[in-house]
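fold the following.
(chains A and B)
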Amino acid sequence: NAGVTQTPKFRILKIGQSMTLQCTQDMNHNYMYWYRQDPGMGLKLIYYSVGAGITDKGEVPNGYNVSRSTTEDFPLRLELAAPSQTSVYFCASSSRQGVGPNEKLFFGSGTQLSVL
Amino acid sequence: RKEVEQDPGPFNVPEGATVAFNCTYSNSASQSFFWYRQDCRKEPKLLMSVYSSGNEDGRFTAQLNRASQYISLLIRDSKLSDSATYLCVVLLNTGFQKLVFGTGTRLLVSP
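Numbering: from 1, shown residues only, chains lettered A, B, ... in the order given. Next up, the predicted model:
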């Protein structure tokens, strides 16, 4: 029962490099999300998707891109890595938008990214 | 003003103690409320939803006060395994239903 799988778990990038954080879920959830969590801060929504082919910006989208070609996969792309993107990234999914009282977000185990 | 505010702690309590955390939210249109638990360097996991009438799950009790716009979490008979960061989470309906996370309250339970 995999749930939400993120890779890689850790990555160090040099300024200006690019990379893709992978996220896949096997629960047939329509809604998927990318969050970042800086030390001592709450999770901030980067991008979200309400279904295959549909994505939209969250609170902090600058410097990132996403795609959703299938229900299962929601990769996050960093094109020109900057030190400000050093953070822990979490992918999540839910069966409903925003989740109601009886729903919840399922999170991946996170990616620790450092940009030096 | 932050949308969701929590005391970062840490709260240091002995095993068996009762501890309470509060969380305030600024948007009166907030629809749903949750407590998530996050262990160090791990992903958040839902601890419990918070219902208007208050609700209990074992040693955990959650309360909601819409008039004062705060949510509370009470943990009775604290266990060592309760040591974690507790995130207050609020659902806002701003066109897209957005989950807003507090920065978390850290709890340390000692023997």
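
low pLDDT regions in chain A?
Across chain A, the ranges flagged by pLDDT under 70 are A:1, A:96-103.

at 90 instead, please
A:1-2, A:30-31, A:39-42, A:50-51, A:59, A:79, A:94-105 (pLDDT under 90).

which ones are touching the residue most central in space within it?
Nearest residue to the geometric centre of chain A (C-alpha atoms, centre = their mean): A:Trp34, 2.5 Å. Residues near A:Trp34 by C-beta atoms under 8 Å, 6 or more residues apart in numbering or on different chains: A:21, A:23, A:45-48, A:58, A:64, A:66, A:74, A:76, A:89-92. The way it works is simple: take the backbone N, C-alpha and C, and place the C-beta from them, glycine included.

show me what A:Ile12 is bridged to.
A:Ser114 (DSSP bridges).

that one against A:Ser114, yeah?
Yes: using C-beta atoms under 8 Å, A:Ile12 is in contact with A:Ser114, at 4.9 Å.

buried among the contacts of A:Trp34? Need that as a selection in PyMOL.
If you want just the buried ones from those in PyMOL, going by 16 or more other C-beta atoms under 10 Å in any protein chain shown, the selection is:
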select buried, chain A and resi 21+23+45+46+47+48+58+64+66+74+76+89+90+91+92
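
show me the contacts of A:Trp34 that map onto strands.
A:21, A:23, A:45-48, A:64, A:66, A:76, A:89-92 (DSSP state E).
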